[in-house]
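S.K.: The following block contains a protein sequence and its predicted model.
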Amino acid sequence: MAERSGPSVYSIAAHRGFADALVAGLAPRYAEPDLGLARLTLLLPSTRAVRTVTEAFIRHFGAESQPGMLMPRMAVVGDLDLDETLGMLLDPLGASDIPPAVESTRRWLTLAQLVDQAMAALGRDPRPTPAGRLRLAHEIGQTMDRLLVEGVAPDDLWNEPVMQALAEVAAHWSENTKLFYTVQTMWLAELERLGMVDAAMRRNMLFARAATHWRNHPPASAIVAAGVTSAAPELAKLLRVVADLPNGAVVLPDFDLALDDAVWDELGRAGRGDSPEDTALARGDAVTHPQYHLKLLLNRMGIARGEVRPWHRRGLGAAEPERSHAISSLFLPPQASTGWVDLPPEKRRLTGVRIMESANPEEEAQAIALLVREALEVPGKRVAVVTPDRGLAARVAAHLRRWNIEADDSAGRPLSKTPAGRLLLLLAEVAAEQAAPVPLMALLEHPLAGLPFGRADWLDHARALELALRGPRPAPGLGPLRQVVLRLGDKPRIADWWAEVETILAPLLPRDGDEPPLADQLDALATAGEALCGEQLWAREDGRALSAFIDDLRLHAREAGLGLASADLPTVLREAMERVAVRPPYGGHPRVAIYGLLESRMSRADLVICGGLNEGSWPPRPAPDPLLAPAVMRALGVPGADFRIGLSAHDLAGALGAPEVVLSRAARDESGPAIPSRFLLRVKALLGETLLESHRETATVELARALDAATDEPSPYPRPAPRPSAEQRDVPIAVTALDRLLGDPYQFYAGAILGLRRLDTLDAEPSAAWQGTAAHEILERWHLARKDDPKAALTPVAESVLEEMNAHPLMRGLWRPRLMAALEWVEAQIDAEPEREVIAVERKGEMIVDGVRIHGRADRIDRLPGGELAIVDYKTGKPPSWAMVQEGFALQLGLIGTMARAGGIEGVSGEPTAFEYWSLAKNREGDFGYVETPLRIGTKRVGIAPESFLPLTDKKLHKAIEEYIKGTEPFTARKNPDYPGYADYDQLMRLDEWQARLDDDEDGT
């Protein structure tokens, strides 16, 4: 190469396509006849960049019709955000003079122990739980790395600029700084004892070592650093050495050479103050500008902006250069952006850029998938979907599968959200919650569970158990669940199945107050997971990542001797697994890629779709350091949280250089209306109203809406009024169902004819029906016990019943006092009337009326002193009013009385004259329990005349049988709006679709 003066620093403009333009320039400049590019060394930022450049070489050789050549050596400087290490070039085996780096997991667990020691030394109380210490340890480790990368020593925290910054902020920041300094000092002493250093420190030392070696012994072969934009001081020094090498060069991506000098100055200090007293970063620095981090890098390299030269080649599929003017203007700082008003139209145009706005994330994903599908119709056209929103990426990938297009999200998924990771968390949740129904059933019905035992039989048993567990939570532990399984004796082999499950899960459940070693708990989780799922748990990429995660955490947890309460285990594991990304194996569609922002850097496609352009997503919400105040970070010369907004802006600027670009957002997200990204708002403002309309992408959104829409406008759903056949109508009537038949015939139809019953949820609150069942069972047993022992106490019976029902201790503790107070009132009320004899309790009965079987159960029947009968119905809540009985909406007492008079209840005969509701709810005085009757007796002025009560019941019963059971009357939904029925069948009758229309018709509107 010819002699040159000054460093070799180049820039590839956004419209040229970085990877393709880089390869187009490297091949002719460095290729040798026999060796190709084998003598060239490329320093790249990440392993993703290596793959991107490799693909660019393949495309270049194909376009040039070359058979290929030897590829250059590609070394990775390592992206800290991607948790990557340095390549072998910078971290050779011979670097024995540099101490080894401590493992990140070992540091995390040790820092958690040091946090407790530091808080004790500082007199901080109360101290956090082990889970809280682990969370704080992770945050401290992140802050330490940020300071180490920037070359900030612990003692720098007490320099004069930092002390001035702390004086201007809230007092808690000073306390946080003391804690951080104390923990870091303890950690450095531990590192010295171990003879190790932090990974970030070792990285700096390796950079310095390579820089010194190359400066003193320049390599004979060429070294090119391409796409590296990190402004870390030691890396900047290394890049300066590379730029000064005789055969070296530094190539920057998307550096704006057309930016005016005034605008460049407006970006701020960026690591270079005018005087020694100036801090590296100023409060007014434009850190959110996409060129700011490049200015910081150049300043730390000691390179003037004028020394950066344009790259001499453009890549395949490069966009037109005119767009670069608009991209440059788009991100101008506030003062400079006032010049937009004077921009001519040709410098505003963003030809090939479209703006697509959808109603919601689902519609946005559908529209993006349609754009991808359309682009793939063009032979050779490559498409990239770039979004920081992993939920949107997953939706797009799912929609593409409609057309058998596999497009995996290269940013990956957190380990905690993969099947294998979720199974481990469910095991931890089962242990933490003592086999509570929700995590237990989620575990047993997990897609990987039961594979060694036969998946079909396993699911049959699990679903049977789920049905049995629906309702209030049983007592904790596996023992109460065993009793539930034993009550399912009609299910073949379910007891054997549960024995297998119990054997697997029993070692996980801890003893009360126990804090077993974390390593032992991980052993138990891994053993249980493999017993439950077999080797399939570890078979796929998520299983392999889970295996590595467990092995690493278990090893260092055992070294640290860390104990952890089982209740904290799910939280600790989830937070740790969120930091592990599981990336899919390659093998998707060769022309489709879905990237996160980090993965998209240096990539290029013919169509780039930028999705999720809303505030909080792109750019992300700034997350200030929780330990050191922003003013402290600025005084230390460490870029703050807003610095990442500038990186996001640079990512968007690079994406805008593609030949075709679609900027996409949804007007709403899961939480409500979304705010458009500040970048998108700038695009709209730059275009202006006239140009904006020509850049809108609306056809694809309309097609997305139409794709799943009904072809014809659906007709309004009518009010249900089914007319079953005579055979279907011929069903018995329960005494509790007659009111539904008269008040809301559809509910009777759904329950008695269709046989549908409402299912409780798992871990449900105690419903009125459940409480009623418990109360009735207690009272039945107590009354039976009083036959043998008239002085039998009610409390032991109640305790026995609740124990058999496996009621959860918390629920029993909250509900038992109320129940016992009401039951004691029942006991006292019965003892206060010794002349009344209880002759039947929970006694079944039936009778035939007009050929229809009427059946039910009497809560209690008493013999009055005159030989008459008193029908008693226990209620856990407020009893029905006499008006409801009059309308036929509460006829249970009358039906039981009619049945008793007809001799339909065994052992009961006589004329019913008293009908009473015994409510266990609070009375007007605030105590529990009172008696109510629908009859107009004594001093009551309202009610049903005693002599009319049973005839009224007979009349209503005959009418119901005549019209519905033996007749042809439709079972109309909500026939009587005054009927206070349950809402169990509202969804089945599609109530919301017709009720409002019915109300409007009745109002005449």
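M.R.: Good, I have the coordinates. Numbers count the residues shown, from 1 in each chain.
S.K.: now the stretch 151-300 of the chain, which segments are flagged as low pLDDT?
M.R.: 273-279 (pLDDT under 70).
S.K.: Please repeat the previous calculation with a cut-off of 90.
M.R.: 159-161, 165, 199, 202-203, 206, 220, 230, 256-263, 265-288 (pLDDT under 90).
S.K.: for it, what spans make up the helices?
M.R.: Applying DSSP state H, counting those that start in this stretch to the stretch 151-300 of the chain gives helices spanning 160-167, 171-194, 199-216, 233-244, 261-266, 292-301.
S.K.: could these go into a markdown table alongside distance to Tyr595?
M.R.: Where C-beta positions appear, they are placed from N, C-alpha and C, glycine not excepted. Converted to a markdown table, these look like this (distance: least, CB to CB, whole Å):
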| stretch | distance to Tyr595 |
| --- | --- |
| helix 160-167 | 38 |
| helix 171-194 | 35 |
| helix 199-216 | 25 |
| helix 233-244 | 24 |
| helix 261-266 | 29 |
| helix 292-301 | 20 |
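S.K.: Please convert these to JSON lines, extending it with mean neighbour count and distance to Ala545.
M.R.: JSON lines is the format used below for these (neighbours: other CB atoms under 10 Å; distance: least, CB to CB, whole Å):
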{"stretch": "helix 160-167", "mean neighbour count": "16", "distance to Ala545": "40"}
{"stretch": "helix 171-194", "mean neighbour count": "16", "distance to Ala545": "27"}
{"stretch": "helix 199-216", "mean neighbour count": "19", "distance to Ala545": "20"}
{"stretch": "helix 233-244", "mean neighbour count": "23", "distance to Ala545": "29"}
{"stretch": "helix 261-266", "mean neighbour count": "15", "distance to Ala545": "44"}
{"stretch": "helix 292-301", "mean neighbour count": "24", "distance to Ala545": "31"}
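S.K.: Mind telling me which residue is nearest the centre of this protein?
M.R.: The C-alpha lying nearest the average C-alpha coordinate of the chain belongs to Lys417 (CA atoms, centre = their mean; 8.1 Å).
S.K.: confidence score at the residue in the chain sticking out farthest from the centre?
M.R.: Distance from the centre of the chain peaks at Gly866, with 68.1 Å (CA atoms, centre = their mean). With respect to pLDDT, Gly866 scores 91.
S.K.: what about it, which helix or strand?
M.R.: Assigned by DSSP states H and E, Gly866 falls within no helix or strand.
S.K.: and Gly588, how many residues sit next to it?
M.R.: 18 (other CB atoms under 10 Å).
S.K.: Show the contacting residues for it.
M.R.: Each residue near Gly588 by CB atoms under 8 Å, 6 or more residues apart in numbering is listed here: 406-408.
S.K.: what's the nearest residue to it if we skip its chain neighbours?
M.R.: Glu406 (4.2 Å; CB to CB, 6 or more residues apart in numbering).
S.K.: Okay, strands next: where are they in the stretch 251-400 of the chain?
M.R.: With strands called from DSSP state E, counting those that start in this stretch, the stretch 251-400 of the chain shows them at 308-310, 353-358, 383-386.
S.K.: Phi, psi for Ala468 please.
M.R.: phi -70, psi -30 (degrees, to the nearest 10).
S.K.: Tell me, how many residues neighbour the residue nearest to it when sequence neighbours are not counted?
M.R.: Using CB to CB, 6+ apart and skipping residues adjacent in sequence, the residue nearest Ala468 is Val484, 5.2 Å away. For Val484, the tally of surrounding residues (other CB under 10 Å) stands at 15.
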